[in-house]
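>>> pasting the structure only:
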């Protein structure tokens, strides 16, 4: 497994819309393993392929806490097909926007269709943190960041900060959060 470099705000790649995955093969399985290695190393609970500069519709998630048995999930070509009207708020962060967190309101539950690593159709009804994480990561696939869900003033401040940081130094890899 290879740890991939995570790209950071303001990299314009983060705003690209990812393309559907069409080939389910050994290369995709290896890339999935690399994404998990990258996410665990960061450390994080979710990672979209676009965050490692691969514009494909693939997300990995593992909500297991430290000391728990890992519970890795791969979502390929995920689509939110149903959202609840009930809202839920979580303090979100992002491996591509290190050390910044903000309260984001999203639907409390979602139903997502996707393909597994073999290409087989799947469906999940998610609530709580899994629902939030799925929505956050699927947003990435559409070029949307969690800061797009906060006030314009706060978002502009974050973008300005990261543009300034990008000018002063370029991190070699994702910082430890």
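Nice, I can see it. Computed from a prediction, not measured in an experiment: that's the story for all the values here. Residues are numbered from 1 along each chain as shown.

>>> pLDDT weak spots in the protein?
In the predicted model, the chain carries pLDDT under 70 at residues 169-177.

>>> sec struct for residue 138, please.
helix (DSSP: H, G, I helix; E, B strand; the rest coil).

>>> Give the full set of residues in contact with it.
The contact partners of residue 138, by Cβ atoms under 8 Å, 6 or more residues apart in numbering, come to 48, 59, 75, 78-80, 112. For every residue, glycine as well, the C-beta is placed using N, CA and C.

>>> Filter these down to just the buried residues.
48, 59, 75, 78, 80, 112 (16 or more other Cβ atoms under 10 Å).

>>> Output those as CSV; include the columns secondary structure.
Formatted as CSV, these follow (three-state DSSP):
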residue, secondary structure
48, strand
59, strand
75, strand
78, strand
80, strand
112, strand
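
>>> between the contacts of residue 138, which is closest to residue 12?
Nearest to residue 12 among the contacts of residue 138 is residue 48, at 15.4 Å by Cβ to Cβ.

>>> Which elements pack onto the host helix or strand of residue 154?
Under the criterion of DSSP states H and E, residue 154 resides in helix 152-168. Judged by 3 or more Cβ pairs under 8 Å, 6 or more residues apart in numbering; DSSP states H and E, helix 152-168 is in contact with strand 97-107.
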